[in-house]
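Novice: Let's see this in three dimensions:
(one chain, ligands or ions: 2)
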Amino acid sequence: MGETIYASATARGRAGVAIIRVSGSSAHQVCALLCGSVPAPRQAALRNISWNGEILDQSLVLIFGEGASFTGEDVAEFQIHGGIAVVSAVLRAISETGLARLAEPGEFTRRAFDNGMLDLTQVEGLADLIDAETEAQRKQALRTLSGEIGKRVEQWRARLIRAAALIEATIDFADEDVPVDVTPEVSEILTTLLAELEREAAAIGAAERIREGFEVAIVGAPNAGKSTLLNRLAGREAAITSEIAGTTRDVIEVRMDLAGYAVTLLDTAGLRQGEDPIEREGIRRAVARAEAADLRIFLGPPEGYLDPAPGDILAQGKADLGNTGGLAVSGLTGQGIEQLLQQLAEQLSEKVAGAGIMVRERHRLALGLGIESIRQVLLMLRQDYLAEILAEELRNALRALDVLVGRIDVDELLGEIFSSFCIGK
Ligand SMILES: Nc1nc2c(c(=O)[nH]1)N(C=O)[C@@H](CNc1ccc(C(=O)N[C@@H](CCC(=O)O)C(=O)O)cc1)CN2
Ligand SMILES: Nc1nc2c(ncn2[C@@H]2O[C@H](COP(=O)(O)OP(=O)(O)OP(=O)(O)O)[C@@H](O)[C@H]2O)c(=O)[nH]1
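Specialist: Residues are numbered from 1 along each chain as shown. Ligands and ions are numbered 1, 2, ... in the order given. The predicted model follows:
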């Protein structure tokens, strides 16, 4: 255990309860100095926190022992009243013990990683869980945090090691008279493994959409009621609406929770052959953003600017005025909005149906390197390459998996991941 660190684990500001965490070899001693004694591990105990002869607060105290805490170190937690002055006083007292220093952002989690309590993908899952704003994000992050990726990688690793061992054996016994041909078995192992890695890599896209959110663009002619619909869906006046055709020029974005999915709804300029150069630029942007979006809601006929893709929703606006072709909606009265939301939710869940356990670009890159190496090995196997060269390439595949779970080459990554954490995490 290195230096002992402390920080408030709860956000700054007035609250019912705040939690202050202390982790490291002096954590229990800090507790003894502040509370007079150290409660039994994992049993909440009510204690007065005193410093310089003065009671600072009444606190629930929780003690964890080395190897059996979030960080893997000795931990003391003080669950105190969440007043700003209370938190400041207790933090100051801990600092004045001279036994601990304030933690840096993500430092508790960094220690959990360094002590083998979490692998790198679990650390990412933890970051995702703290950032989760929707149900789908929460569920996915919790799965990542549970260590699912690490378990899968462990299985893959074992098979790569088996293949490598077979190949290494031919190097060691190269002088023997009856060489055993390991090619069929190695080839079998790697072909199956390759297919699994490729399937996993292909399933990252959908998981990424859950993590980062979908873009859904509302498109249609000027005055079709796009901005009014956006405001209705968002539940607030995010976009300016008016009877003047061509009101929306820039793309307006509203982030919302749609059936548990994170969605950025885009309001775009009405599509028409305009004279005004600013409006024309708006239309160019509208088409580009709508094409790049994950899904489009067409309000009225597409009119040739943009072709609906499979799954896109074709609706008619201003349903209250008797516009009833297809899915009739009215942003003004709310008519048809339930059905529209229903269709949107169905489309989005269809898009995430194949989501895998890997969830981000870093996973895709690491997996890609592993896939590339295994493909190379399979090619070389067919061309009777030297066993030494095969073994070297297999090590590259292993290394890619090790990078994925953070077993090696992680310093830069760690810096990047942990700096995004808040203090106290
Ligand atoms: N008060 C408090 N609540 C919290 C946390 C915390 O640190 N403190 N957490 C912090 O993120 C989360 C809970 N996560 C935790 C993860 C592991 C261990 C832990 O002690 N692990 C040991 C023992 C496991 C066991 O007994 O089952 C281990 O993994 O060896 C504790 C909390 C959410 N709630
Ligand atoms: N009756 C009725 N009027 C609507 C409805 N939706 C919008 N309007 C009106 O139609 C006009 C245009 O609405 P907007 O929402 O600004 O239309 P838009 O498609 O965003 O228009 P542009 O920004 O020009 O592309 C406004 O006067 C709205 O009040 C609706 O569902 N029913």
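
Novice: Which segments of the protein make up each domain?
Specialist: Here the domain parsing of the chain from automatic domain parsing is 5-117, 123-203+358-406, 217-351.

Novice: tell me which element Glu66 falls in.
Specialist: Here Glu66 sits in a region with no helix or strand, counting by DSSP states H and E.

Novice: Which residue ranges of the chain form strands?
Specialist: Secondary structure of the chain (DSSP state E): strands at 4-8, 15-23, 45-51, 54-64, 75-82, 100-102, 214-220, 252-258, 261-267, 295-299, 313-316, 327-328.

Novice: What average pLDDT does the third one get?
Specialist: The reference is to strand 45-51. The average pLDDT within strand 45-51 is 98.

Novice: The residue in the stretch 251-400 of the chain that ligand 2 sits nearest to: what's it in contact with?
Specialist: Of all residues in the stretch 251-400 of the chain, Gly270 sits closest to ligand 2, at 2.7 Å by Cβ to the nearest ligand atom. For every residue, glycine as well, the C-beta is placed using N, CA and C. By Cβ atoms under 8 Å, 6 or more residues apart in numbering, the contact list for Gly270 reads 220-224, 226, 245-246, 248, 283.

Novice: per-residue confidence for it?
Specialist: Looking at Gly270, its pLDDT is 84.

Novice: shaky segments in the stretch 301-425 of the chain?
Specialist: 323-325, 409-410, 412-413 (pLDDT under 70).

Novice: Could you pull up phi and psi at Arg236?
Specialist: Dihedral pair for Arg236: phi -160, psi 170, per degrees, to the nearest 10.

Novice: which residues of the stretch 1-150 of the chain score low on pLDDT?
Specialist: The model of the stretch 1-150 of the chain has pLDDT under 70 over residues 1.

Novice: Might you report the residue contacts of the spatially closest residue to Leu160 that is not a sequence neighbour?
Specialist: Of all residues not flanking Leu160 in the chain, Leu398 sits nearest, at 5.3 Å (Cβ to Cβ, 6 or more residues apart in numbering). Residues in contact with Leu398 (Cβ under 8 Å, 6+ apart) are 157, 160-161, 164.

Novice: which one of the residues you listed is nearest ligand 1?
Specialist: Nearest to ligand 1 among the contacts of Leu398: Arg157, at 21.9 Å, using Cβ to the nearest ligand atom.

Novice: neighbours around the closest one, how many?
Specialist: The tally of other residues near Arg157 (other Cβ atoms under 10 Å) stands at 18.

Novice: these two touch, right, it and Leu404?
Specialist: No - using Cβ atoms under 8 Å, Arg157 is not in contact with Leu404; the gap is 9.9 Å.

Novice: before we move on, back to that, from the contacts of Leu398, list the buried ones, please.
Specialist: Among the contacts of Leu398, those that count as buried by neighbour count (16 or more other Cβ atoms under 10 Å) are 157, 160, 164.

Novice: Which of those residues scores worst on pLDDT?
Specialist: Scanning the buried ones among the contacts of Leu398 for pLDDT, the low point is Ala164. It has 91.

Novice: how near is that one to Arg399?
Specialist: Distance, Ala164 to Arg399, using Cβ to Cβ, to the nearest Å: 12 Å.

Novice: swap in Leu332?
Specialist: Leu332 is 59 Å from Arg399, by Cβ to Cβ.

Novice: interface residues of the stretch 301-425 of the chain facing ligand 1?
Specialist: Residues of the stretch 301-425 of the chain that fall close to ligand 1, judged by Cβ under 6 Å from any ligand atom: none.

Novice: Might you name the residue of the stretch 301-425 of the chain sitting closest to ligand 1?
Specialist: Counting by Cβ to the nearest ligand atom, the stretch 301-425 of the chain gets nearest ligand 1 through Lys425, at 7.4 Å.

Novice: Thought Ala9 was touching that residue, still the case?
Specialist: Yes - contact criterion Cβ under 8 Å: Lys425 and Ala9 qualify, at 7.1 Å.

Novice: any shared contact partners between those two?
Specialist: Joint contacts of Lys425 and Ala9 (Cβ under 8 Å, 6+ apart) are Phe108.

Novice: From Glu54, how far off is the nearest residue to Ile19 once chain neighbours are set aside?
Specialist: Nearest non-adjacent residue to Ile19, counting by Cβ to Cβ, 6+ apart: Ala9, 4.5 Å away. According to Cβ to Cβ, Ala9 stands 24 Å off from Glu54.

Novice: cool, Ser419 as well?
Specialist: Ser419 sits 37 Å away from Glu54, going by Cβ to Cβ.

Novice: can you check Arg14 too?
Specialist: Arg14 is 22 Å from Glu54, where distance means Cβ to Cβ.

Novice: so what's the most centrally placed residue in the chain closest to, chain neighbours aside?
Specialist: Compute the mean C-alpha point of the chain, and by Cα atoms, centre = their mean the closest residue is Asp128, 3.9 Å away. Excluding the flanking residues, the one nearest Asp128 by Cβ to Cβ, 6+ apart is Ala141, at 3.7 Å.

Novice: Could you do Ala18 as well?
Specialist: Leaving aside its sequence neighbours, Ala18 sits nearest to Gly82 (Cβ to Cβ, 6+ apart; 4.0 Å).

Novice: Look up the residues forming beta bridges with that neighbour.
Specialist: On DSSP bridges, the residues paired with Gly82 through beta bridges are Ala15.

Novice: isn't it right next to Gly16, touching?
Specialist: Yes - taking contacts as Cβ under 8 Å, Gly82 lies within contact range of Gly16: 5.4 Å.

Novice: These two: which is more packed in?
Specialist: Between Gly82 and Gly16, Gly82 has the larger neighbour count (other Cβ under 10 Å), namely 18 against 8.

Novice: quick one, what contacts that one?
Specialist: Contacts for Gly82 (Cβ under 8 Å, 6+ apart) come out as 10, 13-18.

Novice: Same question for Val182.
Specialist: Counted by Cβ under 8 Å, 6+ apart, Val182 has contacts 166-167, 169-170.
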